[in-house]
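Asker: 3D, please:
(one chain, ligands or ions: 2)
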Amino acid sequence: MRIERFAPPQAKRLVVKIGSSLLVRPDGTPRREWLATLLDDVVERRAAGQQVVIVSSGAIALGARTLALPGGGRASLDDAQAAAAVGQIMLARLYEELLGERGMRAAQMLLTLDDLEDRRRYLNASATLDRLLALGAVPVLNENDSVATAEIRFGDNDRLAARVAQAAGAGGVVLLSDVDGLYTADPTVDPAATLVETVEELDERIMALGDARSGSGLGTGGMAAKLQAARIAGLAGADLAIVSGKIDHPLRRFAETGRGTVFVAPSAPPRRKAWLAGGLAAKGRIHVDEGAAAALAAGRSLLAAGVFQVEGAFRRGDVVEVVAPAGPIARGLVAYDSGEAARIAGVRNEAQGELLGYAPRSALVHRDHLVML
Ligand SMILES: Nc1ncnc2c1ncn2[C@@H]1O[C@H](COP(=O)(O)OP(=O)(O)O)[C@@H](O)[C@H]1O
Ligand SMILES: N[C@@H](CCC(=O)OP(=O)(O)O)C(=O)O
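Answerer: Ligands and ions are numbered 1, 2, ... in the order given. The predicted model follows:
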């Protein structure tokens with residue numbers, strides 16, 4: 001059954017994402033009473049043995065009103081960062097109060113894209129989530145908008161939620177939205193559009209449904225970000241649902257009615273490979289020839305001999321993208337710094353020692369640290 005995917009034992013952990021437009025009214029005030037009904041649902045789920053991680057938007061929208069900034073605080077990056085700094089404190093207080101009234105501890109974690117892209121920081125965030133959940137706290141996460149710079153930010157919390165699901169090893173993600181699922185066209189534009197109930201395969205046809213328009217005004221993501229989130233969650237073996245948050249008790253209602261779009265995840269790969277595949281920013285690109293591409297497709301490691309160009313500045317252990325003549329094919333953790341990688345590009349293993357000044361490693365990217373896209 002599709003709804004059971006979002007309950008224990010299938011999903012012992014659930015990530016619930018709350019969009020800006022649900023939490024904040026157009027006039028910039030918080031929808032406190034509605035949030036209280038959602039947190040009642042979280043209490044119910046906890047009692048049923050499910051650990052819940054909340055990813056909450058709303059900081060920019062809340063802060064913009066307090067600072068009287070135009071355009072919901074999104075007129076410039078400076079404005080958004082200032083608005084987020086003010087709004088995040090308000091958001092934290094709201095969660096602390098409402099969870100506290102229900103006998104639960106709110107635990108705030110603010111993450112930037114880099115915190116989840118860098119392997120060491122990712123493992124750190126992952127361990128903190130584990131510990132908080134074991135202690136019975138409810139992690140409330142948001143992007144650290146005040147410090148995230150333009151090029152390296154998620155910008156939308158849909159993809160952040162999917163990445164967090166990987167970090168937390170969650171079995172499911174529920175995106176609470178102003179729309180009750182994915183439609184065959186943007187329902188605000190096309191009244192004939194119909195709800196897509198289940199997506200077994202995220203193909204081009206489905207991804208194209210997110211192209212229409214970007215979002216409700218208060219938020220940033222739109223449907224395109226939700227579809228990308230479904231892809232990232234799927235890579236980690238987490239099912240994802242887009243569900244209406246415009247009603248009270250949205251999680252309870254979803255469990256009762258099943259209304260929404262469910263994206264069924266393919267079977268789960270190991271967590272490290274899921275982290276690699278779901279990454280957004282690689283530190284470098286390694287261009288390989290057809291022979292190397294075929295070897296990778298057959299499950300082998302990437303040897304320097306098949307590399308003809310190394311792009312970008314990276315350190316040993318960073319994530320790099322492997323690019324074949326026809327386009328990107330894999331991502332992996334590289335065994336050399338970019339300077340050394342460039343030096344041994346195109347060179348067979350036997351001849352590398354002389355160029356490096358030490359015995360070469362077995363591969364440029366070992367197959368254990370490599371995932372095909
Ligand atoms: N194919 C589609 N199906 C459903 N909604 C779509 C589609 N294409 C675009 N949209 C738009 O995406 C919006 C949801 O995105 P957004 O407002 O960012 O959500 P959130 O509530 O998470 O902030 C919907 O209100 C709708 O106008
Ligand atoms: N991190 C931002 C939210 C980003 C955002 O708007 O996301 P979304 O509501 O998913 O479109 C904030 O707290 O305002």
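Asker: tell me the contacts of the residue of the stretch 251-373 of the chain found nearest ligand 1?
Answerer: Nearest residue of the stretch 251-373 of the chain to ligand 1, counting by C-beta to the nearest ligand atom: residue 261, 8.4 Å away. From N, CA and C alone the C-beta is placed, and that goes for glycine too. Residue 261 makes contacts with 181, 182, 195, 196, 197, 198, 199, 241, 242, as judged by C-beta atoms under 8 Å, 6 or more residues apart in numbering.
Asker: what's the closest non-adjacent residue to it?
Answerer: Nearest residue to residue 261 in three dimensions, chain neighbours excluded: residue 181, at 3.7 Å (C-beta to C-beta, 6 or more residues apart in numbering).
Asker: three-state assignment of the one you found?
Answerer: Under DSSP: H, G, I helix; E, B strand; the rest coil, the three-state class of residue 181 is coil.
Asker: so it makes contact with residue 242?
Answerer: Yes - using C-beta atoms under 8 Å, residue 181 is in contact with residue 242, at 5.0 Å.
Asker: more neighbours, the two?
Answerer: Looking at residue 181 and residue 242 with other C-beta atoms under 10 Å, you find the greater number of neighbours at residue 242, namely 29 against 22.
Asker: how about residues contacting the helix or strand hosting the more buried one?
Answerer: Assessed by DSSP states H and E, residue 242 sits inside strand 239-244. Residues outside strand 239-244 that contact it (C-beta under 8 Å, 6+ apart): 5-6, 11, 162, 165, 171-182, 226, 229-230, 233-234, 250, 253-254, 259-265.
Asker: repeat the analysis, applying 6 Å as the threshold.
Answerer: 5, 172-177, 180-182, 226, 230, 233, 254, 260-265 (C-beta atoms under 6 Å, 6 or more residues apart in numbering).
Asker: return a ChimeraX selection command for the buried portion of those.
Answerer: In ChimeraX syntax, the buried subset of these is picked out as below (16 or more other C-beta atoms under 10 Å):
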select :5,172,173,174,175,176,177,180,181,182,226,230,233,254,260,261,262,263,265
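Asker: before we move on, what SS does the nearest residue to residue 54 once chain neighbours are set aside have?
Answerer: Once flanking residues are discounted, residue 54 sits nearest to residue 140: 4.7 Å by C-beta to C-beta, 6+ apart. Three-state call for residue 140 (three-state DSSP): strand.
Asker: can you give me the helices in the chain?
Answerer: Ranges of helices in the chain, per DSSP state H, are 20-23, 32-47, 59-66, 77-101, 113-117, 119-134, 157-168, 204-207, 222-235, 250-257, 271-277, 290-297, 338-344, 349-356.
Asker: and the first one, average pLDDT?
Answerer: I take that to be helix 20-23. Here helix 20-23 scores 94 as its mean pLDDT.
Asker: please apply the same query to the fourth one.
Answerer: For helix 77-101, the mean pLDDT works out to 96.
Asker: do the same with stretch 318-329
Answerer: 93.
Asker: may I have that stretch as CSV, with CA atoms only?
Answerer: This file holds the C-alpha atoms of stretch 318-329, laid out as CSV (Å, rounded to 0.1, in the frame of the first residue of the first chain):
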residue,chain,number,x,y,z
ASP,A,318,36.6,15.5,-2.8
VAL,A,319,33.6,14.6,-5.0
VAL,A,320,34.3,14.7,-8.7
GLU,A,321,32.1,14.2,-11.7
VAL,A,322,33.3,11.7,-14.4
VAL,A,323,32.4,12.9,-17.9
ALA,A,324,32.4,10.7,-21.0
PRO,A,325,32.4,12.1,-24.5
ALA,A,326,28.5,12.0,-24.4
GLY,A,327,28.2,13.7,-21.0
PRO,A,328,28.4,13.0,-17.2
ILE,A,329,28.3,9.3,-16.3
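Asker: buried set for it?
Answerer: Applying 16+ other C-beta under 10 Å to stretch 318-329 flags 318, 319, 320, 321, 322, 323, 324, 329 as buried.
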